[in-house]
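*Asks:* give me the fold of what follows.
(one chain, ligands or ions: 2)
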Amino acid sequence: MTDLVEIPIIADQVPKYAHFDDAGADLCAAEALTIAPGERALVSTGVAIALPEGYAAFVVPRSGLAAKKGITVLNSPGTVDAGYRGEIKVTLLNTDRSEPFEVAIGDRIAQMIVTPVSRAVFVPVSELSESVRGAGGFGSTGVSAHA
Ligand SMILES: O=c1ccn([C@H]2C[C@H](O)[C@@H](COP(=O)(O)OP(=O)(O)OP(=O)(O)O)O2)c(=O)[nH]1
Ligand SMILES: [Mg+2]
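*Replies:* Ligands and ions are numbered 1, 2, ... in the order given. Next comes the predicted model:
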């Protein structure tokens, strides 16, 4: 059984996990609007939470909206800091070239993943330890699955 984290919340519609073992709880729109093709909108959810210290919540797209409608979260993963007490908002981007995207109040527009996060202590050094990857990145391993 996963550890349960109690999170105080103020919300008209409390985010729900569609299945008990889902990673993301769905966030609903608290306002109605239309997002034109290629446009973005900052959408209210009416949700405010008090995350425990050492936790963050990530606002990420729903795959169905992405695959079927071209809707994504522009700044995905949107990062909700533990100390944030304001309303959680979702920056939706309509990537479709022709279809406007209609948002109705109560629509599940994105999902939120609550997770522990490490607090880093950045220690300046003159050299970094060696690794197999080294400085290779940005496609250094190619695309083909065949060597
Ligand atoms: O998708 C998001 C991302 C962020 N936030 C809220 C919670 C977060 O704690 C706060 C600040 O987010 P972030 O640090 O990403 O934005 P910023 O542009 O760096 O703003 P700030 O200067 O306030 O940190 O905005 C949302 O409601 N939705
Ligand atoms: Mg910030």
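
*Asks:* quick one, what contacts the residue lying closest to residue 39 once chain neighbours are set aside?
*Replies:* Excluding the flanking residues, the one nearest residue 39 by CB to CB, 6 or more residues apart in numbering is residue 94, at 5.8 Å. Every C-beta, even on glycine, is put in place using the N, C-alpha and C of the backbone. Contacts of residue 94 were listed using CB atoms under 8 Å, 6 or more residues apart in numbering, and they are 35-40, 69-71, 100-101.

*Asks:* so is stretch 68-79 next to ligand 1?
*Replies:* Yes: residues of stretch 68-79 contacting ligand 1 under CB under 6 Å from any ligand atom: 75, 78-79.

*Asks:* please flag which of the contacts of residue 94 sit within strands.
*Replies:* Cross-referencing the contacts of residue 94 against strands under DSSP state E gives 35, 40, 71, 101.

*Asks:* can I get the buried part of those as one ChimeraX selection?
*Replies:* In ChimeraX syntax, the buried subset of those is picked out as below (16 or more other CB atoms under 10 Å):
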select :35,40,71,101
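
*Asks:* can you put the ones in strands among the contacts of residue 94 in TSV and add distance to residue 86 and pLDDT?
*Replies:* Formatted as TSV, the ones in strands among the contacts of residue 94 follow (distance: CB to CB, whole Å; pLDDT from 0 to 100):
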residue	distance to residue 86	pLDDT
35	22	99
40	19	98
71	23	99
101	25	99
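
*Asks:* returning to that earlier point: sort out which of the residues of stretch 68-79 next to ligand 1 are buried, if you could.
*Replies:* Among these, the ones that count as buried by 16+ other CB under 10 Å are residue 78.
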